[in-house]
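[1] predicted structure and sequence below. I'll ask about it afterward.
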Amino acid sequence: MNPEAVVEALTMLERKGVRVWLDGGWGVDALLCEQTRSHSDLDLILNAADVTKLKDALLPIGYRLKAGGAATHLVLENDLGNQIDVHPIDFDSRGFGIFNLGDGRRWPFPPGAFAGMGQVMGCSVRCLSPDAQVQCHAQGYVPTEKDLRDMELLQQRFGVVLPVTLCRQGSHRDAL
């Protein structure tokens with residue numbers, strides 16, 4: 001998904017009053033204020049109450065619900081093959097965002113997780129914070145090479161602490 005498609009989708013959502021936060025690869029690149037790699041999709045987090053508004057906002061630019069989504073998220077796709085992976089969360093009265101995991105557990109995001117700001121093509125965008133990005137990437141799957149590189153970039157730029165699962169496992173000599 002190219003940066004122009006990202007900005008187009010975010011512009012439509014902003015116009016319709018749908019507040020979203022970038023997550024995943026585009027979320028990392030937005031925090032870094034530069035595109036560091038290609039992206040197959042755009043990961044968004046939003047208030048679960050805004051899912052219908054999101055779908056309505058993206059319909060005019062060709063996004064439709066893709067069949068076969070999971071219970072915890074939905075995927076929208078346009079005719080160009082651009083995909084938006086939407087992760088709805090519920091906010092509580094304290095500002096915590098609660099994401100319902102597929103196994104029935106609930107994962108709370110602290111209010112500070114939603115404080116990230118970044119840029120895509122010079123446009124200001126809301127993102128998950130660097131620490132929240134690390135937490136998301138450390139859960140539930142084996143990180144890929146691109147995940148490890150994304151986390152290293154966040155560590156270099158923001159000084160985030162990476163769990164061992166997100167660190168390259170070279171020899172001891174490599175660490176010296």
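    Ah, there it is.

[2] from now on I want contacts and neighbour counts done on CA atoms only, so please keep to that.
    Fine.

[3] tell me where this protein has strands.
    20-23, 41-47, 64-65, 74-77, 83-91, 97-100, 106-109, 116-120, 123-127 (DSSP state E).

[4] list of residues touching stretch 133-147?
    23, 24, 25, 27, 28, 151, 160, 162, 163, 165, 166 (Cα atoms under 8 Å, 6 or more residues apart in numbering).

[5] not counting sequence-adjacent ones, nearest residue to residue 62?
    Taking Cα to Cα, 6 or more residues apart in numbering, and ignoring the residues beside it in sequence, residue 62 has residue 78 as its nearest neighbour in space, at 5.1 Å.

[6] surely the one you found is in contact with residue 59?
    No. With contacts counted by Cα atoms under 8 Å, residue 78 stays clear of residue 59, the gap being 9.0 Å.

[7] for residue 93, see how far away the spatially most central residue of the chain is.
    Centroid check for the chain by Cα atoms, centre = their mean gives residue 23 as the closest residue, at 1.1 Å. Between residue 23 and residue 93 the computed distance is 23 Å (Cα to Cα, to the nearest Å).

[8] for residue 102, same thing?
    Computed as Cα to Cα, the residue 102 to residue 93 distance reads 24 Å.

[9] CA atoms of stretch 88-106 as CSV?
    Backbone C-alpha positions of stretch 88-106 (Å, rounded to 0.1, in the frame of the first residue of the first chain) are rendered in CSV as follows:
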residue,chain,number,x,y,z
PRO,A,88,-11.7,-2.0,16.9
ILE,A,89,-11.2,-1.4,20.6
ASP,A,90,-13.5,-0.3,23.4
PHE,A,91,-12.5,2.6,25.5
ASP,A,92,-13.3,2.7,29.2
SER,A,93,-14.0,5.8,31.3
ARG,A,94,-10.3,6.2,32.2
GLY,A,95,-9.1,6.2,28.5
PHE,A,96,-7.8,2.7,28.4
GLY,A,97,-8.4,0.9,25.1
ILE,A,98,-9.6,-2.7,25.5
PHE,A,99,-8.9,-5.0,22.6
ASN,A,100,-10.7,-8.3,22.6
LEU,A,101,-8.4,-11.2,21.7
GLY,A,102,-9.6,-14.1,19.6
ASP,A,103,-9.2,-16.5,22.6
GLY,A,104,-11.6,-14.5,24.8
ARG,A,105,-9.0,-12.6,26.7
ARG,A,106,-9.0,-8.8,26.9
